[in-house]
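Visitor: Starting from these lines, generate the structure:
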Amino acid sequence: MKPFTCTLLMLLCCALLMPGGSISSQGNQPTYKYGQFEDSRDIGSVKMPGSVVYDDAKKTYTVAGGGENMWATADAFHYVWRRISGDFSIAADMQILGTGGNAHRKAVLVIRQNLDADSAYADAALHGDGLTSLQYRETKGGPTREIQSNVKGPRRLQIEKRGDYVWMSIAKEGEPLQSAGGSFRINLTGNFYVGLGVCAHDNNALEKAVFSNVEIKQRPAPILESTLETISISSKDRKVVYTKRAHFEAPNWSRDGKYFLFNQAGRIMKLPVTGGEPEALDTGFATRNNNDHGISFDGNWLAISDQSQEQRRSLIYVVPITGGTPRRVTQLAPSYWHGWSPDGKTLVYCADRNGNFDVYAIPFEGGEEKRLTTANGLDDGPEYSHDGQYIYFNSVRTGLMQIWRMKPDGSEQTQITKDGYNNWFAHPSPDGKWLAFLTFEPNVEGHPANKDVTLRLMPVGGGEIQVLAKLFGGQGTINVPSWSPDSRQLAFVSYRLIEQP
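Guide: Take a look at the predicted model:
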């Protein structure tokens, strides 16, 4: 599990947030200064300072805002905000006060990545002349676009974020919210801002709007279901071995063909090939194992990558296959195991040294590591061929992530796949005939979780690439060696996100 990847473990589980009331600060919980909102401020260059008045009895927000515009590459308006993350909606009854003024003055429900004047954002905007639109700036400093509604002068607006998509709903007086149609994709990360805004569209004026019946509803994070499957290389038929509403990753198939190992909640779990319930393998103090683990060719040892020591950065250890006290192999962190040499004398792995991820090798007994790749960008996923003559790895040095191979000393680095996709984690079959690997779409960076991916297969000597399976997966699906000993099957993990009501 590299630090640049994301997993479902990074999602925040959130509760339904009800309107009204001030929440006092407890721990990391913010203090809400105005009803449901933490604070307010002018965004951008504003000649006439804005303000907000919150009526606790009526639960209304009267927002005054100046500013020249909310358009193009910069914004100028008054913003009442709170920090939030994940999926949510915000809705309010909205009324722009007074007559006259610029026809494009507006009251808005706003989502912003940050408080910079050129931040990425989305808003549901009610204009002074009744025009209603869904506006957005996809990237910081980029242009603002809009999707105009075919309904003028609605009473209530809602903007909703689900994943990377944003929608607007509208309602006239006395009517329920209905979709306004149209949506767009915007990538808002981590904590961002949501709130109410007013722009005068005239830097010499101050306009006011009243927001009432404000509702912020935050959706619970979806439940993740993981399924360990096997697939027949000849028939492409799949079989479910184990499924659970939990997050687990990266199956290894034992050398005797009798069980699988995978990581779940920091532990290495052992599961019979026939199914049943997994049991935790004893790995001593190593209780923060990530998805980079695997079994030696002779079946006697397990390499693990654990993050329980030294600033919680990944280090490589080996333990007896039956469990026991880990023995440290790498001295430097972070290091992520990926392959054993057939003679058991060498481990290969991906490591970050001085800000660059490369492939390294180190003796099984420990000692000095040897750097095998030096290209700019990420080199990852090293794994020995069955005869030890080559190390396969994936590299982004040509633009997209592609499969490469090299001699064990790092020489003769040669590109193997040259298609228009991102290809990760090449696993040579034990009989030396096949390479199995995981494919992401060309627009996907890294190897994140929860993506549409494809398991593919190609002859080691080159030839037609076959599709084994199309599935929802990614990070954790097939990070490590997972061939059956007879090279007839492959194990992997697929995922499902189950939306909570």
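Visitor: I'd like to know the beta-bridge partner residues of Ile231.
Guide: On the basis of DSSP bridges, Ile231 is bridged to Arg238, Leu490.
Visitor: what separates it from Gln466, distance-wise?
Guide: Here Ile231 is placed at a distance of 11 Å from Gln466 (Cβ to Cβ, to the nearest Å). Quick note: C-beta positions are derived from backbone N, CA and C, even for glycine.
Visitor: So those two - more neighbours on which side?
Guide: Ile231 (20 against 14; other Cβ atoms under 10 Å).
Visitor: Wait, the more buried one touches Ala469, no?
Guide: Yes - using Cβ atoms under 8 Å, Ile231 makes contact with Ala469 at a distance of 5.7 Å.
Visitor: what touches both of the two?
Guide: Arg238, Leu455, Phe492 (Cβ atoms under 8 Å, 6 or more residues apart in numbering).
Visitor: Relative to Gly339, which of these is nearest.
Guide: Nearest to Gly339, judged by Cβ to Cβ, of these is Phe492 at 17.7 Å.
Visitor: Output the contacting helices and strands for the helix or strand encompassing that closest one.
Guide: Using DSSP states H and E, Phe492 sits within strand 489-498. Applying 3 or more Cβ pairs under 8 Å, 6 or more residues apart in numbering; DSSP states H and E, we find strand 489-498 packed against strand 223-232, strand 248-253, strand 466-473.
Visitor: out of those, which comes closest to Ile391?
Guide: Here strand 248-253 is closest among the helices and strands packed on strand 489-498 (Cβ to Cβ), at 18.4 Å.
Visitor: how far away is the residue nearest to Asp237 when sequence neighbours are not counted from Asp452?
Guide: Using Cβ to Cβ, 6 or more residues apart in numbering and skipping residues adjacent in sequence, the residue nearest Asp237 is Ile231, 7.1 Å away. For Ile231, the distance to Asp452 equals 17 Å [Cβ to Cβ].
Visitor: List the buried residues in the lengthiest strand in the chain.
Guide: Criterion DSSP state E: the longest strand present in the chain is strand 207-218. Neighbour counts over strand 207-218 (16 or more other Cβ atoms under 10 Å) mark Glu207, Lys208, Ala209, Val210, Phe211, Ser212, Val214, Glu215, Ile216, Lys217, Gln218 as buried.
Visitor: Quick check: closest non-adjacent residue to Ala124.
Guide: The nearest residue in space to Ala124 (Cβ to Cβ, 6+ apart) is Ile159, at 4.1 Å.
Visitor: residues near Gly461, how many?
Guide: Counted with other Cβ under 10 Å, Gly461 comes out at 8.
Visitor: ok, Ser411 - how many residues close by?
Guide: Counted with other Cβ under 10 Å, Ser411 comes out at 8.
Visitor: going forward can the numbers begin at 9, since that is how I track them
Guide: Okay, residue one is now 9; in that scheme the one you just asked about reads as Ser419.
Visitor: Point out where the stretch 159-308 of the chain drops to low pLDDT.
Guide: Nowhere does the stretch 159-308 of the chain drop to pLDDT under 70.
Visitor: Identify the residues contacting Pro489.
Guide: Counted by Cβ under 8 Å, 6+ apart, Pro489 has contacts Asn260, Trp261, Gly302, Ile303, Gly347, Glu391, His435.
Visitor: okay, those residues in TSV with secondary structure and distance to Asp126 next?
Guide: What follows is the contacts of Pro489, written out as TSV (DSSP: H, G, I helix; E, B strand; the rest coil; distance: Cβ to Cβ, whole Å):
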residue	secondary structure	distance to Asp126
Asn260	strand	48
Trp261	strand	51
Gly302	strand	47
Ile303	strand	52
Gly347	strand	46
Glu391	strand	45
His435	strand	45
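Visitor: among those, who's most crowded?
Guide: Gly347 leads the contacts of Pro489 on contacts (other Cβ under 10 Å) with 25 neighbours.
Visitor: Okay, it and Gly73: tell me how far apart.
Guide: From Gly347 to Gly73 the distance is 59 Å (Cβ to Cβ).
Visitor: go on, Gln121?
Guide: Gln121 is 20 Å from Gly73, by Cβ to Cβ.
Visitor: Just say which of the helices and strands packed on strand 497-506 is most tucked in.
Guide: strand 256-261 (a mean of 25; mean count of other Cβ atoms under 10 Å).
Visitor: So what touches that strand?
Guide: In contact with strand 256-261 (Cβ under 8 Å, 6+ apart) are residues 9, 234, 236, 268-272, 277, 281, 299-303, 483-493, 497, 499-501.
Visitor: Which one's more surrounded, Gln121 and Gly73?
Guide: Gly73 (34 against 20).
Visitor: then stretch 440-454 to PDB, C-alphas only?
Guide: C-alpha atoms of stretch 440-454 as PDB (Å, rounded to 0.1, in the frame of the first residue of the first chain):
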ATOM      1  CA  GLY A 440       6.800 -19.900 -17.100                       C
ATOM      2  CA  LYS A 441       4.200 -19.500 -19.800                       C
ATOM      3  CA  TRP A 442       2.000 -16.500 -18.800                       C
ATOM      4  CA  LEU A 443       2.000 -13.000 -17.400                       C
ATOM      5  CA  ALA A 444      -1.100 -11.900 -15.500                       C
ATOM      6  CA  PHE A 445      -1.500  -8.200 -14.800                       C
ATOM      7  CA  LEU A 446      -4.000  -5.600 -13.700                       C
ATOM      8  CA  THR A 447      -5.200  -2.900 -16.100                       C
ATOM      9  CA  PHE A 448      -6.600   0.600 -15.300                       C
ATOM     10  CA  GLU A 449      -8.100   3.000 -17.800                       C
ATOM     11  CA  PRO A 450      -5.600   5.600 -19.300                       C
ATOM     12  CA  ASN A 451      -7.000   8.500 -17.200                       C
ATOM     13  CA  VAL A 452      -6.400   6.800 -13.900                       C
ATOM     14  CA  GLU A 453      -3.300   7.800 -11.900                       C
ATOM     15  CA  GLY A 454      -1.700   5.400  -9.500                       C
END
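Visitor: That stretch: which residues count as buried?
Guide: Trp442, Leu443, Ala444, Phe445, Leu446, Thr447, Phe448, Val452, Gly454.
Visitor: Great, nothing more from me.
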